[in-house]
Each structure stands twice: as structure tokens, then as C-alpha cells.
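Q: have a look at this prediction, sequence included:
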Protein chains: 2
Amino acid sequence: MEDGTAERIRPRDRILETARDMFHKHGIKGVGVDAITEAAGTNKMTLYRHFESKDDLVIECLRATACSANAMWQKFEAEHPGDKLAQLHAWVRMAADCLMTDGRGCDMANAAIELSETDHPARRVIKELKQAQRDRLVGLCRDAGIGQAELLADTLSLLLEGARVSLQSVGAEGPSAQFVRMAEGLITSFRGASAR
Amino acid sequence: MEDGTAERIRPRDRILETARDMFHKHGIKGVGVDAITEAAGTNKMTLYRHFESKDDLVIECLRATACSANAMWQKFEAEHPGDKLAQLHAWVRMAADCLMTDGRGCDMANAAIELSETDHPARRVIKELKQAQRDRLVGLCRDAGIGQAELLADTLSLLLEGARVSLQSVGAEGPSAQFVRMAEGLITSFRGASAR
DNA sequence: TCTAGAAGTTACAGACCGGTAACACCCTAG
DNA sequence: CTAGGGTGTTACCGGTCTGTAACTTCTAGA
């Protein structure tokens, strides 16, 4: 039987998962394909049989990251079905957890900074995936009954993005330590404004 | 005469200025020392006579960037002597200008993301310079008579940092377009709270 | 058991990287 | 005019990088 749930993971998936982890930790230009394949317990030829190039692998990793993010959104909906405001608070909590446990920032943002070539193929993907996340947060704010939903969503986006990068430059004791207080304060402030 | 204001700029300064520009545009790992020296109209040997290593050059570039930032702070004080609140608004305006005209983000933040090695010599410098900027903004907020000065300063910091990275991932039409509105709204909100 | 395709292995090409050595040059201070 | 320091030039080292070729081994499906 072809057996979809093979006990030993397919090399392609092992490479993808390993590459995601290593790109996240050391950056894209900071890790070579040799290191990835070795860590994945395979070899370079196998990588190039499954991915056209390193850039292609990078793009596939970013798509996988977006997929994980989608799973989180579904978890919010599952844990607080219908309660959009609770989902928004869950988003803040998730973001804070991510800040405290992770250390390195958003893979897409990091990639956008690292791949400075304006015509890099990954840039299209980053832009559309980030746009999708933004739309999702705007929708959540709107459904939570907040008046200026776009403005709140954009403010929260920038705060999180800023906290993730500040974490890497000034460290955990820097401004990013106040993220939850800022975010919650903003939400109550916007809720008050829309209920006036 | 040794003539401090030599009409032809010293090679060291040419290298430093060129490296700053190229690191800013293409990232640190995205440009080699050969490219820098060629663009600076000199050669690799001269670079290594003035800088111990590429890492040393990077650090010197970051210090120069911090120096430019200091000049901006002095400009704020010169244009609005004593009026700390006006200086705070000038800071917002400067940040917005920077967002619209520049495209690439903060050199220190970009470097922190790119140089993921936790023991990289540049990380110390980045942290202390970023910390200094933070202290400066906190002081400005406090002197402007804002109650929760640290919280406002940290929020503004994260907003700007987030706007700069968002600009690179989602583009100019993304959340960063609302930076001024967010920042000004925060300032009035914090002013109202401290004057209650 | 046989076979086809996936995966592993080794070696290599070609380019770029940071950094150094040896030597020729120029320009200015004395 | 001359001596010396800053600069330019060329060549090179050892390493790493992405990507490929040719060949062998393994494994799953019939």
C-alpha cells in the first residue's frame, strides 16, 4: 500500500521542516543547502530533485509558515466560537507568547529584510501572505464590533512587528516587554470610542 | 599644511560612507568588501589598513548612523528650543518622512536581524545604541509633561520599528501608511490621560 | 521475485567570499 | 631634493556557496 501516513517522513517534508527551522534561526543567507540537507539526514541531490533552487525552497518554507499561521486562526475560532472579541484577545495572548518564547521575529519580515533585491521572487509571496494576515486581523476587529477596525488592526500589526524586531535589537527588556499592555490598552480605547 | 578640510576626502571616510549606503540598500551579507572598495574608488588593501575586518567596518558604520541620529535630535532642539512637545511632534514628522522617502528600514534593526549569531560583535553596539535612542525618546516624552512617558515612548518606538519593517514586507500601502495618524492619536490620548 | 523510480553517494564546476603578501607609486613634509 | 607614509595594483590563499553529472543502492508495487 502506498500508505499516506508513512512512519518515516518523506525526504521532501524533512527538508522543508528542517529548512524552515534553520532559516528561522540563522536567516536565509546564513545557512547553506548543504547544512540543511545534512541536518535533514539527506543530501543535496535529493533537495534539488524536489526544489528548483534555494529560492524555491525559501518560498515553499514561507508558504508553510503561512499555513501554520492559518492553523492558529482556526484554533482561535475553535476555542472561542463566534466570540470575536475573545478571539482578538487570544490573538494578543498568542503574540505575547510568541514574543517571549521565540526570540527571533517573523519569518516573512526577516526574509523581506534579508532579501533586499526588489525583484526577488520571494517578495511577491511575502507581500501577498502578509496582506492576507492583515485582512484577517481587520476582519476580526470589524466582526468584534470595533468602529475603526482597519486602524486598530494596522496599529496592532505594527506593534507586533515592531516588538519582534525590537526584541532582536534591544532585547527582551526593551519596549517589547510592554506589548500586552499596549495592545490591550488600544483595544479598550478603540472599544470605548466605538461605543460612545 | 596638513589641512583638516582636505578637498579630496580621505579614503577611510569614502569607504565608510559608501559602505553605509551599500549596507543600507543591500544588507550586510548582500555586499562584499570588493564591491564596497570599488564603489568607493579605492581597493581592498586600503580598506583593511583602516578597518580590522568587515565586522569592524560594520560596527563603525552603525556608529556613524547613530551619529547622524544624534544630529537629528540636536536639530529638533534647535528648531523648537525648550518646546519639548513640539520636538515630539517633529520626531513624528521626521519618522514619517523617513518612512516615505527611504523604503528600507533602520540599519541597526536590519543588522540585528541579519546578524543572527548571538555573539556577533555588532550586537553589543546595536543594543547600546538602540537603548540610547530609547532613553532619549523617553526623556523627551517625560519633559513634554506626559504622565506615562515610558509607555508612550516605547509604544512610539514599536510603532516606528514596525512601520519600517512592514514597509519592506507589505509595502507602502500597508499599515505603515497610517503611522502618523497612529502616533498623533497616541500622543493626544496620553496627553489627555496625564491632564485628567 | 522482478522492476521502475526514488533516494544516496561522490565528485566536480564555477563563482564569490574575507583576508593577506609583495611591490610599485605618489605626494607631501622636512 | 629626499625620505617616508599613505595609497594603488596584482596575485594569491583557503574556504564556502549554489547547482549539476554520473553512478550506485534501496524500496515499494506488480
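A: Okay, I see it.

Q: could you pull out the helices in chain A for me?
A: Along chain A, counting by DSSP state H, helices occupy A:11-26, A:33-39, A:44-50, A:54-79, A:84-102, A:107-114, A:121-143, A:149-169, A:179-194.

Q: could I get these as JSON lines with mean neighbour count, mean pLDDT and distance to residue B:146?
A: For the C-beta atoms, the positions are set from N, CA and C on the backbone; glycine is no exception. Formatted as JSON lines, the helices of chain A follow (neighbours: other Cβ atoms under 10 Å in any protein chain shown; pLDDT from 0 to 100; distance: least, Cβ to Cβ, whole Å):
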{"stretch": "helix A:11-26", "mean neighbour count": "18", "mean pLDDT": "97", "distance to residue B:146": "37"}
{"stretch": "helix A:33-39", "mean neighbour count": "16", "mean pLDDT": "98", "distance to residue B:146": "49"}
{"stretch": "helix A:44-50", "mean neighbour count": "14", "mean pLDDT": "97", "distance to residue B:146": "54"}
{"stretch": "helix A:54-79", "mean neighbour count": "16", "mean pLDDT": "98", "distance to residue B:146": "34"}
{"stretch": "helix A:84-102", "mean neighbour count": "16", "mean pLDDT": "97", "distance to residue B:146": "24"}
{"stretch": "helix A:107-114", "mean neighbour count": "24", "mean pLDDT": "98", "distance to residue B:146": "30"}
{"stretch": "helix A:121-143", "mean neighbour count": "18", "mean pLDDT": "97", "distance to residue B:146": "27"}
{"stretch": "helix A:149-169", "mean neighbour count": "25", "mean pLDDT": "98", "distance to residue B:146": "18"}
{"stretch": "helix A:179-194", "mean neighbour count": "17", "mean pLDDT": "94", "distance to residue B:146": "14"}
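
Q: I'd like those helices as a markdown table, with distance to DNA strand C appended.
A: As requested, the helices of chain A are exported to a markdown table (distance: least, Cβ to the nearest atom of the strand, whole Å):
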| stretch | distance to DNA strand C |
| --- | --- |
| helix A:11-26 | 4 |
| helix A:33-39 | 8 |
| helix A:44-50 | 3 |
| helix A:54-79 | 12 |
| helix A:84-102 | 28 |
| helix A:107-114 | 15 |
| helix A:121-143 | 19 |
| helix A:149-169 | 21 |
| helix A:179-194 | 35 |
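
Q: quick one: which of those is nearest residue B:169?
A: Residue B:169 lies closest, by Cβ to Cβ, to one member of the helices of chain A: helix A:107-114, at 4.0 Å.

Q: so which elements touch that closest one?
A: Helix A:107-114 sits against helix A:11-26, helix A:54-79, helix A:121-143, helix A:149-169, helix B:107-114, helix B:149-169, with contacts defined as 3 or more Cβ pairs under 8 Å, 6 or more residues apart in numbering or on different chains; DSSP states H and E.

Q: care to break chain A down by domain?
A: Domain assignment for chain A by automatic domain parsing gives A:8-51, A:63-194.

Q: using TSV, lay out those together with distance to residue B:166.
A: TSV is the format used below for these (distance: least, Cβ to Cβ, whole Å):
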stretch	distance to residue B:166
domain A:8-51	19
domain A:63-194	5
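
Q: which residues does the spatially closest residue to residue A:57 that is not a sequence neighbour contact?
A: Leaving aside its sequence neighbours, residue A:57 sits nearest to residue A:51 (Cβ to Cβ, 6 or more residues apart in numbering or on different chains; 4.3 Å). Shown in contact with residue A:51 (Cβ atoms under 8 Å, 6 or more residues apart in numbering or on different chains): A:15, A:57, A:60.

Q: let's go with 10 Å and repeat that
A: Residue A:51 makes contact with A:12, A:15-16, A:19, A:33, A:57-61 under the criterion Cβ atoms under 10 Å, 6 or more residues apart in numbering or on different chains.

Q: still on that earlier bit, closest to DNA strand D out of the helices and strands packed on helix A:107-114?
A: Among the helices and strands packed on helix A:107-114, helix A:54-79 comes nearest to DNA strand D, with 3.5 Å by Cβ to the nearest atom of the strand.

Q: isn't residue A:25 right next to residue A:104, touching?
A: Yes: using Cβ atoms under 10 Å, residue A:25 is in contact with residue A:104, at 6.5 Å.

Q: between these two, which contacts overlap?
A: By the contact definition Cβ under 10 Å, 6+ apart, residue A:25 and residue A:104 are jointly contacted by residue B:116.

Q: fine by me, we can end here.
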